[in-house]
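Asks: One predicted model, sequence on top.
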Amino acid sequence: MSNISRIEQLENTVIEAMHDLKALDIKSINVEGVSGFTDRMVFASGTSTRHVKSIAQSVQKAVREADIQLRGIEGEDVGEWVLLDLGDVVVHIMLPDTREFYAIERLWLDQTA
C-alpha cells in the first residue's frame with residue numbers, strides 16, 4: 001500500500017469516527033510539504049465538553065481497532081480542545097468558541113494557499 005493511500009485511509013477512519021458521534025463542521029487540511037510533523041490536520045467541533053470528549057474517544061477507539069498507534073493526546077481532561085497525534089494525521093476537536101478564538105485552521109489554510 002502506498003504512503004498516500006495509508007494516510008488517506010487514516011484520515012477517512014478519523015472522519016468516519018467523528019461522523020458516528022455527530023461532530024460538527026468537520027474539515028481536513030492537507031499540510032504535506034508545509035508541516036514538518038504531519039501530513040493532514042482534521043478539525044471538528046462538539047456541542048459541549050462532554051461531546052468533544054466523546055468524539056475524541058470515538059476516534060481513539062477507531063484508530064485502535066485499525067491498529068494505528070496514538071502518539072499522544074492533550075486536553076482530554078478539560079474537553080474544550082482535544083488534540084490527538086496520530087503521526088501522519090493530527091486531530092483537533094474543539095468547542096465552537098475555542099475553535100473560532102484560536103483559528104488554527106485559518107493559519108494552516110494561509111500556509112497551504
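Replies: Perfect, thanks for sending it. Note that the structure is a prediction, hence the values are computed from the model and not measured. Numbers count the residues shown, from 1 in each chain.
Asks: ok so Q60 is a helix residue?
Replies: Yes. Counting by DSSP: H, G, I helix; E, B strand; the rest coil, Q60 is found in a helix.
Asks: give me the number of residues near it?
Replies: 19 (other CB atoms under 10 Å). No exception for glycine: its C-beta is placed from N, CA and C like everyone else's.
Asks: for it, what are its contacts?
Replies: 70, 73, 84 (CB atoms under 8 Å, 6 or more residues apart in numbering).
Asks: Where neighbours are concerned, which of those has the most?
Replies: Result: L84 is most packed of those (other CB under 10 Å), 23 neighbours.
Asks: what about it, which helix or strand?
Replies: Under the criterion of DSSP states H and E, L84 resides in strand 81-85.
Asks: For that strand, which helices and strands make contact with it?
Replies: helix 49-65, strand 72-74, strand 89-94, helix 96-102 (3 or more CB pairs under 8 Å, 6 or more residues apart in numbering; DSSP states H and E).
Asks: Contacts made by the second one with the rest, please.
Replies: Applying CB under 8 Å, 6+ apart, the external contacts of strand 72-74 come out as 56, 60, 82-85.
Asks: okay, these in TSV with distance to D39 next?
Replies: Listed next are the contacts of strand 72-74 as TSV, based on distance: CB to CB, whole Å:
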residue	distance to D39
A56	20
Q60	20
V82	20
L83	16
L84	15
D85	12
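Asks: Looking at strand pairing, list the partners for the residue nearest the centre of the chain.
Replies: In the chain, the centroid-proximal residue (CA atoms, centre = their mean) is V91; its distance is 1.7 Å. For V91, the beta-bridge partners under DSSP bridges are V42, L84.
Asks: what's the distance between it and V14?
Replies: Distance, V91 to V14, by CB to CB, to the nearest Å: 6 Å.
Asks: Give me the common contacts of these two.
Replies: 42, 59.
Asks: follow-up on the earlier one: could I have the strand holding L84 exported to CSV, CA atoms only?
Replies: C-alpha atoms of strand 81-85 as CSV (Å, rounded to 0.1, in the frame of the first residue of the first chain):
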residue,chain,number,x,y,z
TRP,A,81,-9.9,21.4,22.8
VAL,A,82,-8.7,17.8,22.5
LEU,A,83,-5.7,17.1,20.2
LEU,A,84,-4.9,13.6,19.0
ASP,A,85,-1.5,13.0,17.5
